[in-house]
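**Student:** predicted model and sequence follow; I will ask about them next.
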Amino acid sequence: MTGEITRFTDCRVLRDHEIYEDDIWFSDGVILDPEKEFFVNKHVPQKSVSLDGAIVAPGFIDIQINGGFGIDFTYDLMNKPEGLSKVAKGILTHGVTSFCPTIVTSKAEVYHKVLPLLEAKVGGLHGAEVLGAHLEGPFISPEKKGAHCIDDIQDLTDGVETLKSVYKHTDNIRIVTLAPERRNSLEVIQWLTRESEICVSLGHSMADINVAVEAIKKGAKLITHLFNAMPPFHHRDPGLVGLLGLGTKTPVYYGIIADGIHTHEAALRAAYKSHPKGVILVTDAISAMGLEDGTHHIGKKTININNKSAYIAGTTTLCGSVATMNESVRYFRNAVG
């Protein structure tokens, strides 16, 4: 420890799912044991700050966020690289302290230009930490494209070589969402997870349960926005949703959108009660998060925002969410009890 010790007083601390009144000692961003520091190391705080009863808790992590506050990571960063900092700053006010900027299905030249801008960056008062990119596509199912542009969906024709050619820059990638049933996807999953240590998430997919399980065996560990852009659960072929029933021996995690629109609260409860340790709340927020209702644009698409719902103009296709993470956490908590 090289930095000074700071003590937060008059604060409430989240510990073991309960709120306690306590002080917090920390140095260099690390929380310390006050008794050990005082009695064993003979250290005392150099600075004391009263929080006036505020709650101190871990920040939220958003692993799927397409943008916000008028910035779309896929389409705007090439001309507005400062947009990443704008979103990082904005989501701090909603409790998010780290995130994966997400790029939707795009042509190769978009990845070539945008990925170098998404390197990991330490967070602070200037904005939330950037963990690296989440690439949602382009190797997804046309049948479950959702709001993605069908003309930009690609096949893994030459497996890993195709992936390298499309993405070009892989150092800044943390998560890749793909459809495991598509040709050469399984070998790509194995390469991404074992050779590049990139997390593979299964989504925008028509995969049956057998293909889904095989993808998990190859190294995939995550499901992208459970229930959305995948076949519904069926008792004879539960598909990707059925992965929640694999048990504790095979850890599977699932992103889920808790905005009151994408996923019914009964479905939230069913997923959580089935596999509580695997749940990861994501916003899947679009550029209109933080903006007023009305007409907005995401790249080539016009979207209509009304009462927290975002649809592609003239359709009934949901186009991401405009809910913030703190709103999502509150909704999820009320839904699951």
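**Tutor:** Received, thanks.
**Student:** list the contacts for K308?
**Tutor:** Residues near K308 by CB atoms under 8 Å, 6 or more residues apart in numbering: D259, G260, I261, V322, A323. Quick note: C-beta positions are derived from backbone N, CA and C, even for glycine.
**Student:** burial measure for the residue lying closest to the last one once chain neighbours are set aside, as a count.
**Tutor:** The spatial neighbour of A323 that comes closest, neighbours along the chain excluded (CB to CB, 6 or more residues apart in numbering), is D259 at 3.7 Å. Applying other CB atoms under 10 Å, we find 24 residues neighbouring D259.
**Student:** sorry, back to before: most surrounded residue in the contacts of K308?
**Tutor:** Using other CB under 10 Å as the neighbour test, these are led by V322, with 27 neighbours.
**Student:** I'd say it and D284 touch.
**Tutor:** No - applying CB atoms under 8 Å, one finds V322 not in contact with D284, separated by 9.8 Å.
**Student:** for A220, see how far away the residue nearest to the spatial centre of the chain is.
**Tutor:** Nearest to the mean C-alpha position of the chain, by CA atoms, centre = their mean, lies I63 at 1.7 Å. As judged by CB to CB, to the nearest Å, I63 and A220 stand 15 Å apart.
**Student:** hang on, isn't I256 packed against T283?
**Tutor:** No - contact criterion CB under 8 Å: I256 and T283 do not qualify, at 10.7 Å.
**Student:** residue contacts, A215?
**Tutor:** Applying CB under 8 Å, 6+ apart, we find A215 in contact with P180, S185, L186, I189, V200, L202, A207.
**Student:** mind listing what's buried in the lengthiest helix in the chain?
**Tutor:** Ranked by residue count, the top helix of the chain under DSSP state H comes out as helix 325-336. Going by neighbour count (16 or more other CB atoms under 10 Å), the buried part of helix 325-336 is M325, E327, S328, V329, Y331, F332, A335, V336.
**Student:** how about the third one: what's its closest non-neighbour residue?
**Tutor:** What sits nearest to S328 in space, not counting adjacent residues and going by CB to CB, 6+ apart, is A258, at 4.5 Å.
**Student:** what's the burial count for that neighbour?
**Tutor:** By other CB under 10 Å, neighbour count at A258 equals 28.
**Student:** is M206 in a helix, a strand, or coil?
**Tutor:** coil (DSSP: H, G, I helix; E, B strand; the rest coil).
**Student:** for S185, see how far away it is.
**Tutor:** Distance, M206 to S185, using CB to CB: 12 Å.
**Student:** before we move on, what about K300?
**Tutor:** 26 Å.
**Student:** same check, this time on N66
**Tutor:** For N66 relative to S185 (CB to CB), the value is 23 Å.
**Student:** and F38, what is it in contact with?
**Tutor:** V44.
**Student:** just to be sure, it is in a strand?
**Tutor:** No - counting by three-state DSSP, one finds F38 to be helix, located in no strand.
**Student:** so who does H225 touch?
**Tutor:** Going by CB under 8 Å, 6+ apart, H225 touches Q64, G203, G255, I256, I257, H262, V282, D284.
**Student:** neighbour count for those residues - can I get that in a markdown table?
**Tutor:** Shown next, in a markdown table, are the contacts of H225 (neighbours: other CB atoms under 10 Å):
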| residue | neighbour count |
| --- | --- |
| Q64 | 27 |
| G203 | 27 |
| G255 | 25 |
| I256 | 24 |
| I257 | 26 |
| H262 | 22 |
| V282 | 27 |
| D284 | 28 |
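**Student:** name the nearest of the residues you listed relative to L118.
**Tutor:** Nearest to L118 among the contacts of H225: Q64, at 13.8 Å, using CB to CB.
**Student:** that closest one touches V104, doesn't it?
**Tutor:** No - Q64 sits out of contact with V104 when judged by CB under 8 Å, with a separation of 10.3 Å.
**Student:** shared neighbours of these two, which are they?
**Tutor:** E136.
**Student:** ok, so of the contacts of A215, who is nearest L268?
**Tutor:** L202 (19.4 Å).
**Student:** bridged to that closest one, which residues?
**Tutor:** When assigned by DSSP bridges, L202 has beta-bridge partners L178, I223.
**Student:** over to V114: give its phi and psi.
**Tutor:** Torsion angles at V114 (phi, psi; degrees, to the nearest 10) stand at phi -90, psi -40.
**Student:** same question, Q190
**Tutor:** Residue torsions, per degrees, to the nearest 10, at Q190 are phi -60, psi -40.
**Student:** what's near enough to touch it?
**Tutor:** K218, G219.
**Student:** and the pLDDT for it?
**Tutor:** pLDDT for Q190: 98.
**Student:** and if you look at P58?
**Tutor:** 90.
**Student:** what's the helix or strand for the nearest residue to it once chain neighbours are set aside?
**Tutor:** Spatial nearest neighbour of P58, excluding adjacent residues (CB to CB, 6+ apart): L14 at 7.4 Å. Using DSSP states H and E, L14 sits within strand 6-15.
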